[in-house]
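**Q** Here's a sequence, model it:
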Amino acid sequence: MKFNLASILGTVLAAGAAFNIAYAHSDHENVNFARSFVDELSTRSSSVEVPFQHSLREFLEGAVSAHRRALDSDYGADLEARDTVRVVVQEIPGVRARPPHFSQEVDRNTKASKILEMANAFHKKKAQSLKPANVRGASNVRLYKSLAELFSPNAKSIHLALA
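**A** Numbering: from 1, shown residues only. As a prediction, this is how the structure comes out:
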């Protein structure tokens, strides 16, 4: 069998082209993977369905309520965790307590022991407990409970005193 130079060169070129096509195809798959990954990060994967309304106002109201429902279902626990309250801790109980007072916006799920720790650091004290600031004869706050368990959910601010 005789092989001429043209057939050997043609075979080598064909094999090179086949490898080049295979490499380009695998590279194209990597580009698609990267593009889909970026798209997934930059946009939400789910859409919100809003029923058709004849007026713009009804449509927008429906869109807002559908969007809120979608957020509640997707991020409900995270949104609830943002429920905050202002805590003010006086050094001594009573209406005429002199400033400065420890004051900070905290999550309602914060334990009373954490508030005591921060207030002690602020006032440079070593108090063992907290009590409601403006209530005479009030018992000490249970430090193992969260603010949500101890106080009304409607309260915008909580006033305590070191005990």
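**Q** Which parts of the chain are strands?
**A** 84-90, 102-107, 130-132, 157-162 (DSSP state E).
**Q** Of those strands, which is nearest Thr11?
**A** Minimum separation from Thr11 across the strands of the chain (CB to CB) falls at strand 102-107, 72.0 Å. All C-beta spots, glycine's among them, are computed from the backbone N, C-alpha and C.
**Q** can you list the domain ranges for the protein.
**A** 51-82, 83-162 (automatic domain parsing).
**Q** For the last one, give the mean pLDDT please.
**A** Averaging the model's pLDDT scores along domain 83-162 yields 84.
**Q** gap between the two ends of it?
**A** 24 Å (CA to CA, to the nearest Å).
**Q** repeat for stretch 128-138
**A** With CA to CA, one end of stretch 128-138 sits 15 Å from the other.
**Q** Kindly report the same for stretch 102-112.
**A** End residues of stretch 102-112 are separated by 14 Å (CA to CA).
**Q** Go through that stretch and flag the buried ones.
**A** For stretch 102-112, the neighbour count (16 or more other CB atoms under 10 Å) marks 102, 108, 110-112 as buried.
**Q** Report pLDDT for Ile21.
**A** 69.
**Q** CA-only coordinates of stretch 51-58, as PDB, when you get a sec.
**A** Extracted C-alpha coordinates of stretch 51-58, given in PDB (Å, rounded to 0.1, in the frame of the first residue of the first chain):
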ATOM      1  CA  PRO A  51     -54.700  38.900  36.400                       C
ATOM      2  CA  PHE A  52     -55.900  41.300  33.700                       C
ATOM      3  CA  GLN A  53     -57.900  44.300  34.800                       C
ATOM      4  CA  HIS A  54     -59.700  46.800  32.700                       C
ATOM      5  CA  SER A  55     -58.400  49.900  34.500                       C
ATOM      6  CA  LEU A  56     -54.800  50.800  35.200                       C
ATOM      7  CA  ARG A  57     -55.500  51.500  38.900                       C
ATOM      8  CA  GLU A  58     -57.100  48.000  39.500                       C
END
